[in-house]
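In: Coordinates for the following, if possible.
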Amino acid sequence: MHRRSIHDTRIIPLKASAHGTIRQWLGDSRGRWEGNTLVVDTTAFTDKTGFRGSGRTLHVVERFTRIDANTLDYEFTVDDPATWTRPWSAGFPTITTEERIYEYACHEGNYGMMNILAGARAEERTQKRQTERRADKTQSSR
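Out: Numbering: from 1, shown residues only. Purely as a prediction, here's the structure:
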């Protein structure tokens, strides 16, 4: 939910139990099934979570619904009476793809790969020219 969320993992118990009281960066989640929708209810965030200005009273409800073999619908509702005047929601479908999907941490540096390699090839050409000039000077001085 903040800059760190890309590398964090949530463990979401699916058995009915009360939320914990220890405040955590990603809150304390509990999951349940409503038909074919997985509902994840999360509370007990810290004041450092900082999702869109929220604080310790943040409450998030997420819904994951399989629409068809290729589509998963994701919806969430956030509520924090100390931050907003009323709860608000958003959602979007996630669709399967035949394209390659790269893990963020492994792929993030690859955007500069073309320039990194171009710089390395330019350096190689410069070294080759210098070596050729030295060889020409050596031959001409004979």
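
In: Need the contact partners of stretch 60-79.
Out: 27, 36-43, 51-52, 54, 58-59, 84, 86-96 (C-beta atoms under 8 Å, 6 or more residues apart in numbering). For every residue, glycine as well, the C-beta is placed using N, CA and C.

In: which regions of this protein lie under the pLDDT threshold?
Out: For the chain, applying pLDDT under 70 flags the ranges 1-7, 102-111, 142.

In: Break it into its domains for me.
Out: 3-99, 102-142 (automatic domain parsing).

In: could those domains go into a markdown table alongside mean neighbour count?
Out: Shown next, in a markdown table, are the domains of the chain (neighbours: other C-beta atoms under 10 Å):
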| stretch | mean neighbour count |
| --- | --- |
| domain 3-99 | 13 |
| domain 102-142 | 9 |
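
In: Now, the contacts of stretch 60-79 that are in strands?
Out: When DSSP state E defines the strands, the subset of these inside them is 37-43, 59, 88-95.
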